[in-house]
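**Q** Task: produce atomic coordinates for the following.
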Amino acid sequence: MSRWKYILVLLCWPPVAVAGCPHLQPDEEVLVRHVIDGDTVILKDGRVIRFIGVDAPELNKHNNGLPEFGAEAARDWLVNKIVKQSQLKLVFGVKRRDDYGRWLAHPLTSEGELLVTQMLTQGLGRLMLFPPNHDYWPCWLEAERQARRSRRGIWSIPLAATPVAAGWQQLSGLVVRGISGRGRLELVLEGELRIRAGKRLPSEARHRLALLGPGDRLFVRGWVRPAGNGWQLWLNHPWQFYQEKVSDCAGQC
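**A** Down below sits the predicted model:
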């Protein structure tokens, strides 16, 4: 599919309702100067707004590299949603600024819905959250799963089962065995990927993880690091994993 046909499909795809997503009252209504990329805009007053909840593929303009798959589609979709000199309603995060000085906010639709929900449902980016700005993760995780089920956007490419390098990754692999005891909870996936429950992982999420056994398929995301002859990935937040069904990845698991 050509780039422009791909973008046209995204623009014409109707919004999909996701249960549990809130309607919010804006903290501020701002004037947008222009869209930087699929998850960042700059305002007329010079503030840079980084959207909470979504990580769009990188355009890589800063290092003269090639755009990541889906980066131009995400940017172009946002340009059509938020045209230059248009008004945008924002709800700022509990943590208002990141380490780069960007303002962290939820962009809203005219109806007060979270615009990021639409972006995740259409596969324009992946779910990415950092406490304390993580209130709406159940809504957004379901939105992302809808995109995976339909193989929309970035999810049209099947996920790898095992890492090939260190770094933040999304993976889909089969559980080989589980290890538990004395507060330790660990699953070993194919390719010697060890999934370890961190101390910050809530008890309900730990329980769901403990129920998984050999043959179950797990979607997982997080920082992958070398560990012995394999890899390890720590889970500290419930939105980092879920048990997969074939419908979650359209038979492409």
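
**Q** Tell me the spacing between the closest residue to Trp239 other than its chain neighbours and Gly191.
**A** Nearest residue to Trp239, sequence neighbours excluded (C-beta to C-beta, 6 or more residues apart in numbering): Trp137, at 4.2 Å. From N, CA and C alone the C-beta is placed, and that goes for glycine too. As for Trp137, its distance to Gly191 is 27 Å (criterion: C-beta to C-beta, to the nearest Å).

**Q** tell me the secondary structure for the spatially most central residue of the chain?
**A** The centroid of the chain falls nearest to Leu127 when counting by C-alpha atoms, centre = their mean (1.3 Å). Secondary structure, DSSP: H, G, I helix; E, B strand; the rest coil: Leu127 is strand.

**Q** Which of the three states applies to the closest residue to it other than its chain neighbours?
**A** For Leu127, ignoring the flanking residues on the chain, the nearest one in space by C-beta to C-beta, 6+ apart is Glu144 at 4.8 Å. Secondary structure assignment for Glu144 (three-state DSSP): helix.

**Q** Pull the contacting residues for Glu144.
**A** Going by C-beta atoms under 8 Å, 6 or more residues apart in numbering, Glu144 touches 120-121, 126-127.

**Q** avg pLDDT for the helix or strand where His207 lies?
**A** Using DSSP states H and E, His207 maps to helix 203-210. If you average the pLDDT over helix 203-210, you get 96.

**Q** in the stretch 101-250 of the chain, which ranges drop under the pLDDT threshold?
**A** Filtered on pLDDT under 70, the stretch 101-250 of the chain yields the residue ranges 249-250.

**Q** Tell me which stretches of it form strands.
**A** For the stretch 101-250 of the chain, the strands defined by DSSP state E, counting those that start in this stretch occupy 103-108, 126-128, 167-181, 184-189, 193-197, 217-227, 230-235, 241-243.

**Q** Any chance of these in TSV with distance to Arg151 as columns?
**A** Listed next are the strands of the stretch 101-250 of the chain as TSV, based on distance: least, C-beta to C-beta, whole Å:
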stretch	distance to Arg151
strand 103-108	26
strand 126-128	14
strand 167-181	13
strand 184-189	22
strand 193-197	23
strand 217-227	14
strand 230-235	24
strand 241-243	17
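
**Q** which residues does Val224 form a beta bridge with?
**A** Counting by DSSP bridges, Val224 is bridged to Gly167, Leu233.
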